[in-house]
Structure formats: C-alpha cells, structure tokens
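**Student:** Following is a predicted model, sequence given first.
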Amino acid sequence: AKLKDLSATRTELGSQKQAVQGKLAAAQKLLNSLTAQEKAALAAADGTRATRGTERPGMNGGTGGTGGTGSAGDTGESGHTPVTGSGRAGAAFAAAQSKLGSPYQWSHAGPSTFDCSGLTSWAYAQADVSIPRTSEAQANIGTRIYSQSQLQVGDLVFFFNDIHHVGLYAGNGQVLHAPRSGTVVRYESMSTIGGPFMFGVRV
C-alpha cells in the first residue's frame, strides 16, 4: 500500500512540476517578446521594490553560490521580473536586457551574438563606459564585492576559480548572461551556473 501511495505521489508531483515548468516557459516567452520600451516600463514599475530586496545592509553573506549543476532552457529558467539599476550600471543592464534571446557565439561582442564577456563589455559600452573585453581583465577593474547580499543590479558577477565566466547581476539572486555554446542571452539563478560565485565588481 505504501509503495502504491508513493507511486501516486510521484505521479502527482511530476504533473505539478510539468505545469509549473509550462507556466515558467510561457512567462519567459512573454518577457522575451517585449520591446525594449515595454521592458523599461516594467523595470521602472518594479525596479525599486526588486532592488530593495537585494540590498540589505548589515547582512554578512558568504562568497555565494554552491556551484550546482542544474541547467536552464535556452530562454531562461524563470519568468524573471525586469529590474533596473542606477547610473552607469543601470544603463548597461538595460542594454543587456534588450539582447535577451540573442545567440551565444564564442569571441563575439555583439551586436547580435555574444559570449559572456562580450555581452558585458558591449552592455557597458552602450552606457558610454569602456571596460576590458575578457572576463579575466574585467575582474581587475572597479570595486570588488564579495557578499551576494551587497550586489546591485548591473554589477559584474564572476564565476569559477579561474574567473572564466561573467554576467550582470539581475537582482534577487539572478544573473543576466550569455552562458555557453548552444544557448542564448538569458536570466539564470546564480546557484545553477555550474561553478561558484567568486565576487562582483562595481564599475
């Protein structure tokens, strides 16, 4: 009887998981279909609340991610609510948001295909800020931030011990990045990047 109950529970959980994944995929599809102006309007409406949720003074977080190996679909793993940053970082983040769904291409820095550091350098260039081309060089500019709780939208975030991956912090533990070959520019949880969060950089 217990085995039968367990099997029924597993089937029910599987159905619920499929339903949730379907809703997430639909939300991400809708987000990716929005124009830059529509995204900016949503960001303006939600940005203040979302940014406050990621900036909690007095919290002493560790250095971050667990290096989980989960992967997300090509258009992102969740219906991420757009947020805004302030100043140069905010302008760079808005530029990167306009490239959601653009294909990953190694050693490309836009305007239609990107690798990870190509996306970040292109995004900051749109904000009239020149930063180095490679993730390793980008790690050596600005102010380093080791606690995830202190990150702000638009900060550069670096992963893996050799700093070979970079993205833009998107608020609420998410990163906006160009992950790897076969994927597109998307939002993803920092915990599913596949390597540990090392630090952020505020340009």
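**Tutor:** Right, received. Where do you want to start? Quantities reported herein were computed from a predicted structural model and do not represent experimental measurements. Numbers count the residues shown, from 1 in each chain.

**Student:** show me where the protein has strands.
**Tutor:** In the chain, the strands defined using DSSP state E lie at 143-145, 156-159, 165-171, 174-177, 186-189, 197-202.

**Student:** among those strands, which is nearest Gln18?
**Tutor:** Gln18 sits nearest to strand 186-189 of all the strands of the chain, at 19.7 Å, using CB to CB. All C-beta spots, glycine's among them, are computed from the backbone N, C-alpha and C.

**Student:** Point out the other helices and strands that the closest one packs with.
**Tutor:** Secondary structure elements in contact with strand 186-189, counted by 3 or more CB pairs under 8 Å, 6 or more residues apart in numbering; DSSP states H and E, are strand 174-177.

**Student:** Within the sheet, what are the partner strands of the strand it packs on, with directions?
**Tutor:** Here strand 174-177 is paired, per DSSP bridges, with strand 165-171 (antiparallel), strand 186-189 (antiparallel).

**Student:** I'd like to know which of the ones you listed is closest to Gln150.
**Tutor:** Of these, nearest to Gln150 by CB to CB is strand 165-171, at 10.3 Å.

**Student:** Kindly export the closest one (C-alpha atoms) in PDB.
**Tutor:** The C-alpha coordinates for strand 165-171 follow below in PDB (Å, rounded to 0.1, in the frame of the first residue of the first chain):
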ATOM      1  CA  HIS A 165      32.600  33.400 -16.700                       C
ATOM      2  CA  VAL A 166      31.000  36.800 -16.100                       C
ATOM      3  CA  GLY A 167      27.500  38.200 -16.300                       C
ATOM      4  CA  LEU A 168      25.400  41.100 -15.000                       C
ATOM      5  CA  TYR A 169      23.700  40.900 -11.600                       C
ATOM      6  CA  ALA A 170      19.900  41.000 -12.200                       C
ATOM      7  CA  GLY A 171      18.700  41.200  -8.600                       C
END
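
**Student:** returning to that earlier point: any chance of the strands of the chain in TSV, with mean pLDDT too?
**Tutor:** Output for those, formatted as TSV (pLDDT from 0 to 100):
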stretch	mean pLDDT
strand 143-145	97
strand 156-159	98
strand 165-171	97
strand 174-177	98
strand 186-189	97
strand 197-202	98
